[in-house]
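J.: model this:
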Amino acid sequence: MSQLGSITAGGGGGSDVLTLTGDVGGAVSPDGSGNINVITPQVSGPYASGTSYFSGSPNTLTWVASDSSNNCSVGTNALIGAATSGANQNTAFGNGTGSNVTGTNNAFFGINAGNTCTGSNNLFLGAFTGGSTSGNWNICIGSSAGNAFTGSETSNIYLNNTGSPGESNVLRIGRATGSGSNQDLQNAYICGINGVSVGSVASVVAISGDLLGSATITAGTGITVTPTANTITISSSSAGVPWTAVTGTSQAMAINNGYITNNAGLVTVTLPSTAAVGTIEWVAGEGAGGWLIAQHAGQNIIFESATTTTGTGGSLASTVQYDSVQLLCIVANTTWSVISSVGNITVT
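T.: Residues are numbered from 1 along each chain as shown. The predicted structure follows:
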């Protein structure tokens, strides 16, 4: 087999390489001359001062690397619109790649990749990637990735995902149908996550469809949330009903509390002025004086078929020492119902 024997150059002063000459082992060109001419002429028209393609007849190879605007393209109609649009510093490989580009610093690889893209700083890798967008800073990898672009979509990263028209600043990885071809995904594995501490935060990763987000864990009534590195502890903070022994003759009630009245005289306990529906109060007698539940203006208490007089004139009272009641707020701030009782309760 004949191999390259010599390189013949021009006469100096930056002249082009003229020929690559084969050795005596035999002809290396169709005409049998043994020579391949390498021509790098000045190019007229939109690619003036540049070299960007292969062409020629037998024995002749013309190489063009880039045009005068630093665009580099290989393939039929690749970056063909750059000459008239003034686009510069774009790279395109494949038929039709970046054919309508007007922006700068784009890289298109694969047939028709970015062929209707007019933005800048985009990377489209794969056949038919990028769709029709005037946006910037998009990265689309995989056949038809980002093909759903129709407007000014910007700063998206799509890996084998066609994307969604009009969105920006979104990461989409794969198709998640879990079946079929086209690299559809069923499971996702990402290393470097499990066991990594992000500090003491009470939040978790949440998912809706394929949309990832975060949710904060908050403590409700009787619940505590204690976040530590890699662990969130949820526990009950309630130790049951907090009971207060009342040894005086009066007591303002707090919501969800119990009271043990213990005085030789009558002990008056007064309903809280504000209470949500579902709030509970307990009163149990111990002292000989018994107890009386007083009301604020607009409040009343329902006991079986009877109801106390509305306002400060109404009350619920024990008749013997150890009578007790449990009250449930059924109308916020105003109305309470006796849900359990012991003894003979007096309704006023």
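
J.: for residue 205, give me its contacts.
T.: 212-215 (C-beta atoms under 8 Å, 6 or more residues apart in numbering). Just so you know, the C-beta spots here come from the backbone N, C-alpha and C atoms, and that holds for glycine as well.

J.: any chance of these in CSV, with pLDDT too?
T.: Putting the contacts of residue 205 into CSV (pLDDT from 0 to 100) gives the following:
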residue, pLDDT
212, 84
213, 87
214, 86
215, 88
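
J.: in strands, which of the residues you listed appear?
T.: Per DSSP state E, strands hold the following members of the contacts of residue 205: 212-215.

J.: list only buried entries from those residues.
T.: By neighbour count, with 16 or more other C-beta atoms under 10 Å, those hold no buried member.

J.: before we move on, back to that, now the contacts of residue 205 in JSON lines, with distance to residue 144?
T.: JSON lines is the format used below for these (distance: C-beta to C-beta, whole Å):
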{"residue": "212", "distance to residue 144": "23"}
{"residue": "213", "distance to residue 144": "27"}
{"residue": "214", "distance to residue 144": "31"}
{"residue": "215", "distance to residue 144": "33"}
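
J.: before we move on, back to that, quick one: which of the ones in strands among the contacts of residue 205 is nearest to residue 287?
T.: residue 215 (50.5 Å; C-beta to C-beta).

J.: ok, the residue nearest to residue 196 when sequence neighbours are not counted to residue 187 distance?
T.: What sits nearest to residue 196 in space, not counting adjacent residues and going by C-beta to C-beta, 6 or more residues apart in numbering, is residue 230, at 8.0 Å. Going from residue 230 to residue 187 by C-beta to C-beta, to the nearest Å gives 23 Å.

J.: okay, the two: which has more neighbours?
T.: residue 230 (12 against 6; other C-beta atoms under 10 Å).

J.: so that one makes contact with residue 193?
T.: No - assessed by C-beta atoms under 8 Å, residue 230 is found out of contact with residue 193, at 11.3 Å.

J.: okay, now the unreliable bits of the stretch 51-200 of the chain?
T.: 51-66, 176-183 (pLDDT under 70).

J.: change it to 80
T.: 51-68, 175-186, 198 (pLDDT under 80).

J.: what residue spans form the domains of the chain?
T.: With domains defined by automatic domain parsing, the chain comprises 4-62, 70-217, 243-347.

J.: residue 235 is nearest to which of these?
T.: domain 70-217 (12.1 Å).

J.: any idea how far apart the tips of that closest one sit?
T.: 54 Å (C-alpha to C-alpha, to the nearest Å).

J.: from the ones in strands among the contacts of residue 205, which is closest to residue 128?
T.: residue 212 (27.2 Å).

J.: quick one: buried residues of stretch 144-152?
T.: 144-149.

J.: burial of residue 191, as a residue count?
T.: Per other C-beta under 10 Å, the neighbour tally for residue 191 reads 5.
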